[in-house]
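A structural model of the following input is requested.
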Amino acid sequence: MAKPAILQRLNTPIIQIVLLGIVSLCGPGMFNALSGLGAGGSMSSNITLISSANSALYGCFAIVGFFAGTVTNTIGVKYTLTIGSSGYALYSSAMWVYDRKQVSGFVIAAGAILGCLAALFWSAQGAIMMSYPEEKNKGKFVAIFWALFNFGGILGSVIALGLNLENQAGGVSTGTYTAFVVVMLVGIAASLILASPSNVIRPDGTCVAITKASDWKTELKGVMHVWKEWRMIYLIPAFLASNWFYAYQFRINAVYFDASARALNGTMYWGLQVIGSMLIGLVLDFQGLNRRNRGLLGLVIIFLISMSVWAGGFVFQLTFDNSYNDPIGWKHSRFGGPFALFMLYGFTDSIYQSYLYWLMGAMSNDPTLLARYAGFYKAMQSAGAAISYGIDAADIPLRWECLICWVLVFVSFPLIAIVANNVSATSENTAEPLESELDDRSSSEKAHIEKTHSFDA
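Okay, the predicted model is just below:
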């Protein structure tokens, strides 16, 4: 029986990516806005508590992330997203409780729980975003998702700005946390609207299907198989760097600016993320160049922008240190330069992370494998974030935090370039089978598979 036309339109990849973006807008997008306010929006004197909670969050994220693809491939992307979304509402609720009752233990526990659930969320998200589009549209789909996701940061920052416009205190109002929790609950409900992958039909008529794991043992072997993929190993420094700088950047926002200026900074930080993802998406999908050359061109652009922004950031950091206690507002004469720098931090973050997603998407079209790649990526990313928040909690000189961020981003580029230089013209029929799936095949079949699945130079 033919499906109704309305369902056929809703089950297209572009509509599903938009829905995924809305779910992410309400969950991790709003969480980013909260984090971007500095100290979770609370008083700057609570930086140590928030850094400790974030260390727990990203530590758990890193551990669970390695196995998140197993969960995604076993219970399916839709319900994995629903379960993962709930952690964000819990964390914001903990911040609300802390604002009213100063229960610090709840904040740290909520951070740890969110870390576990967020790992599941991002594994499912990566599987959808990287496998649903046709190859020629992967950059565009990453850009659409990243734009919608970061509209959550914009929305959250606008909410905080509107509720704290005349607030000269260090922390945001209690109503800010209430608004965040409500939006996050909407995101949980929105995740249930997503279609099952087997019902998603691409414009060329092909279907997307995520193979359900036969058992947990097979899936765990698949996780270990990722560790044998040289391209993923080469990208580890980039994965570590991709969220490392958040601790430093959000610390600067908490220390250097008052509540209203922090909210304005957050609005524009996430706004520039939208612009950055759209621009790099156009470069990576430009059909006038082959896929390898698009990847190399995009990487050169990102390198030049990133190094310029971090050089400027280091010069700015030399003008003050950890003892700075005179936060400025958006009307202050010294606001313009630091405000522009903070916006550019958001821009470089979006083009860097969007590129990494595109590069992983260029490795395979297999949703099952991409779920494992996404889990591995987020695990390494979160390990870096856990370390950086631990460093931030130790209150080392901010100039050293800035320099570490800059150096880590810098050293990641040569290895990214090696992977980008080996991007093939297409990933069609290049899904890599598990070793366990090859065990029962003849030597000639194995040789044929290895030849077919080689990564073109």
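
any chance you could map the helices in the stretch 51-200 of the chain?
Using DSSP state H, counting those that start in this stretch, the helices of the stretch 51-200 of the chain run over 77-101, 104-131, 138-163, 174-191.

Let's have those in CSV, adding distance to residue 325, mean neighbour count and mean pLDDT.
Quick note: C-beta positions are derived from backbone N, CA and C, even for glycine. Compiled in CSV, those are given as follows (distance: least, CB to CB, whole Å; neighbours: other CB atoms under 10 Å; pLDDT from 0 to 100):
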stretch, distance to residue 325, mean neighbour count, mean pLDDT
helix 77-101, 22, 22, 88
helix 104-131, 23, 25, 89
helix 138-163, 22, 24, 81
helix 174-191, 23, 20, 86
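
In contact with the nearest residue to residue 393 once chain neighbours are set aside, which residues?
Nearest in space to residue 393, with sequence neighbours left out and distances taken as CB to CB, 6 or more residues apart in numbering, is residue 51 at 3.6 Å. The contact partners of residue 51, taken as CB atoms under 8 Å, 6 or more residues apart in numbering, are 247, 389, 390, 392, 393.

among these, which are in helices?
Judged by DSSP state H, those include 247, 389, 390, 392, 393 as members of helices.

So what's the residue count around the last one?
Taking other CB atoms under 10 Å as the neighbour definition, residue 393 ends up with a count of 18.

For the chain, give me the ranges with low pLDDT.
Using pLDDT under 70 as the threshold, the predicted model of the chain has low-confidence ranges 1-9, 36-47, 160-161, 163-174, 209-216, 219, 427-457.

Could you verify that residue 296 is part of a helix?
Yes: in this structure, residue 296 lies within a helix as judged by DSSP: H, G, I helix; E, B strand; the rest coil.

In terms of helices and strands, where is the residue lying closest to it once chain neighbours are set aside?
Across the structure, with CB to CB, 6+ apart as the measure, the residue nearest residue 296 apart from its sequence neighbours is residue 420 (5.5 Å). Here residue 420 sits within helix 398-421, counting by DSSP states H and E.

what do you get for residue 205?
Assigned by DSSP H and E, residue 205 falls outside every helix and strand.

how much space between it and residue 133?
Between residue 205 and residue 133 the distance, using CB to CB, to the nearest Å, works out to 14 Å.

Distance to residue 314 for the ones in helices among the contacts of residue 51 - can I get that in CSV?
Compiled in CSV, the ones in helices among the contacts of residue 51 are given as follows (distance: CB to CB, whole Å):
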residue, distance to residue 314
247, 16
389, 20
390, 22
392, 17
393, 22
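
Can you go through those and name the buried ones?
With neighbours counted by 16 or more other CB atoms under 10 Å, the ones in helices among the contacts of residue 51 contain buried members at 247, 389, 390, 392, 393.

just curious, which of those residues is nearest to residue 356?
For residue 356, the closest of those turns out to be residue 247, at 19.0 Å, with distances computed as CB to CB.

these two touch, right, that closest one and residue 55?
No: with the criterion set as CB atoms under 8 Å, residue 247 and residue 55 do not qualify as a contacting pair; they are 9.1 Å apart.

Give me the common contacts of the two.
With contacts taken as CB under 8 Å, 6+ apart, residue 247 and residue 55 have residue 389 as neighbours in common.

any idea how far the residue nearest to residue 296 is from residue 414?
Taking CB to CB as the measure, residue 420 and residue 414 are separated by 11 Å.

ditto for residue 95
Counting by CB to CB, the gap between residue 95 and residue 414 amounts to 40 Å.

Residue 186 now?
Taken as CB to CB, the spacing of residue 186 relative to residue 414 amounts to 43 Å.

again, but for residue 103
Computed with CB to CB, the distance linking residue 103 and residue 414 is 46 Å.

and what of residue 50?
From residue 50 over to residue 414 the distance is 34 Å, taken as CB to CB.

Then residue 132?
To residue 414, residue 132 is 31 Å away according to CB to CB.

Please identify which of these two sits among more neighbours.
In this view residue 132 and residue 414 are compared by other CB under 10 Å, and residue 132 has more residues nearby, 23 against 11.

So the more buried one sits against residue 19, correct?
No: distance between residue 132 and residue 19: 11.1 Å, which falls outside the contact criterion (CB under 8 Å).

need the helices for the stretch 301-450 of the chain, in chain order.
Across the stretch 301-450 of the chain, reading from the start of the chain, the helices by DSSP H, counting those that start in this stretch fall at 336-361, 367-393, 398-421, 435-438, 443-452.

Give the other helices and strands that the second one contacts.
Helices and strands touching helix 367-393, by 3 or more CB pairs under 8 Å, 6 or more residues apart in numbering; DSSP states H and E, are helix 47-75, helix 104-131, helix 216-226, helix 236-256, helix 336-361, helix 398-421.

go again using 7 Å as the cut-off
Using 3 or more CB pairs under 7 Å, 6 or more residues apart in numbering; DSSP states H and E, the elements in contact with helix 367-393 are helix 47-75, helix 104-131, helix 216-226, helix 236-256, helix 336-361.

Next, residue 204: phi, psi?
Dihedral pair for residue 204: phi -80, psi 10, per degrees, to the nearest 10.
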